[in-house]
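# Okay, here's the prediction I keep looking at, along with the sequence it came from:
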Amino acid sequence: MKLGRSALCITLPKAWTDAVGIKENDYLAVRQTGDSLELSKVEREGVVGPPVCIINMDACVEPNSITRVLIGAYIAGHDTIWLQSRRPFTQKQIEEINAITRKLIGIHITDSSENIIIIQNLSNPVRPSMDSSIRRFHSLVVDMLDSAVSMLSSGNQDMVKRIMSIGEECDRLYWLTVRQLIRAINDPSVREALGIKSTLWLLGNRLVLLLLKRAVNLCESITLSTYEIFTNGCGIEKRIIDWCTDFCAMLKHASQNAIDSLLLRDLLLANKTITQINDLVGEKIGSGEKLASNSKSFRHCLFRIICSLKEISVCYRQIAEVAINRSLEESGKFVTIECTPRDSGKS
């Protein structure tokens, strides 16, 4: 039978599979002898083919379930993903599969038929390095924040599309880096190649990625709140725009310090950053909320914008806290880690 555009498949006689004890998901050894192919059951323990993630599409009936299952399989580290259905795929299913595969870095559909789609991941599992990804992620957050504040001051509603496209790029980077971290858990060589020097960094990096992803969502919230104000024919008072611009300038400086302290394991810079952010939130948020309460614009949208800016600050403060923990994992400039001498047994 034809499978996809070029491959052919055969069925195995039931009498033979029963006789040799072959079950679904078993692997077969294939050896070519002249013009013949010789099949045999894999008997030797540990001799298996590459892992394949087979997704039962008939079970993906809830809205967006195909998208979420595919993202989950990608993050879990599967390089080969088979989508199988007893019935031909619907046009809606095909469109959802195509849409999500375009958003996953390194993923390609390599073959398909009316009820099977084969997806392969062809990306290098250790590129980019984890530090490079974190720096890139942070720069995208800053770009979103700058664009959101620019939209706030200019009233240019066309910027929404650009800001959301940056958010989609952040999603792709987030899924890729989490996939790398999960693979690094079981493969020390991947850990080393990614520049992850300690198993403790796996947990810390996952938290940092979650915090950066939350910052992205908060930037999107600022954008949508601003868009709601303008589409309802309202403006934003200059004093509120000036407050947001001033707050974001200070936040950008503190956020860069947070990332630098993490990647350099600089305890003093991390401590300084936490103080900066605490002072920023403590001194500025109250005045911003007062301006919003006295505004003639949509107050609930303004409060949402101010709350989002505060929460972005908290995200970077927590990244600085991870930096402090990381700087104390081994002996260095700030501490010396010594093993406690064993008890000699003498009284």
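Good, I have the coordinates. Note that this is a predicted model, so its numbers are computed, not measured.
# can we go C-alpha only for contacts and neighbour counts from here?
OK.
# Confirm I117 sits in a helix?
No: counting by DSSP: H, G, I helix; E, B strand; the rest coil, I117 is not part of a helix but strand.
# give me the element H108 is part of.
strand 107-112 (DSSP states H and E).
# From the contact counts, what lies against that strand?
helix 91-101, strand 116-121 (3 or more C-alpha pairs under 8 Å, 6 or more residues apart in numbering; DSSP states H and E).
# rerun that using 6 Å as the cut-off
strand 116-121 (3 or more C-alpha pairs under 6 Å, 6 or more residues apart in numbering; DSSP states H and E).
# What average pLDDT does the helix or strand just after the strand it packs on get?
Note on strand 116-121: by DSSP H and E, the next helix or strand toward the C-terminus is helix 130-154. Per-residue pLDDT values over helix 130-154 give a mean of 96.
# what do you get for stretch 200-209?
On average, stretch 200-209 scores 96.
# Which residues in that stretch does the neighbour count mark as buried?
For stretch 200-209, a neighbour-count test (16 or more other C-alpha atoms under 10 Å) marks W201, L202, G204, N205, R206, V208, L209 as buried.
# go on, stretch 242-260?
Buried, per 16+ other C-alpha under 10 Å, within stretch 242-260: 243-245, 247-248, 251-252, 254-260.
# mind checking how far it is from the chain centre?
23 Å (C-alpha atoms, centre = their mean, to the nearest Å).
# which residues are contacting that stretch?
T273, Y316, A320 (C-alpha atoms under 6 Å, 6 or more residues apart in numbering).
# Which one of the residues you listed sits in the busiest neighbourhood?
When neighbours are counted by other C-alpha atoms under 10 Å, A320 leads those with 31 neighbours.
# Could you check which helix or strand contains that one?
Going by DSSP H and E, A320 is part of helix 299-327.
# related to what we said a few turns ago, got TSV for the buried residues of stretch 242-260, with pLDDT, distance to D131 and secondary structure too?
Below are these laid out as TSV (pLDDT from 0 to 100; distance: C-alpha to C-alpha, whole Å; DSSP: H, G, I helix; E, B strand; the rest coil):
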residue	pLDDT	distance to D131	secondary structure
W243	97	33	helix
C244	96	30	helix
T245	96	29	helix
F247	97	27	helix
C248	97	24	helix
L251	98	21	helix
K252	97	19	helix
A254	98	18	helix
S255	98	15	helix
Q256	98	14	helix
N257	98	15	helix
A258	98	13	helix
I259	98	10	helix
D260	98	10	helix
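# Distance check, the residue nearest the centre of the chain against S147.
Centroid-nearest residue in the chain, with C-alpha atoms, centre = their mean: Y174, separated by 1.9 Å. Counting by C-alpha to C-alpha, to the nearest Å, the gap from Y174 to S147 is 20 Å.
# Any chance of the contacts of stretch 242-260 in a markdown table with pLDDT as columns?
What follows is the contacts of stretch 242-260, written out as a markdown table (pLDDT from 0 to 100):
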| residue | pLDDT |
| --- | --- |
| T273 | 98 |
| Y316 | 98 |
| A320 | 98 |
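# Can you lay out those as JSON lines showing distance to C339?
Formatted as JSON lines, the contacts of stretch 242-260 follow (distance: C-alpha to C-alpha, whole Å):
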{"residue": "T273", "distance to C339": "31"}
{"residue": "Y316", "distance to C339": "33"}
{"residue": "A320", "distance to C339": "27"}
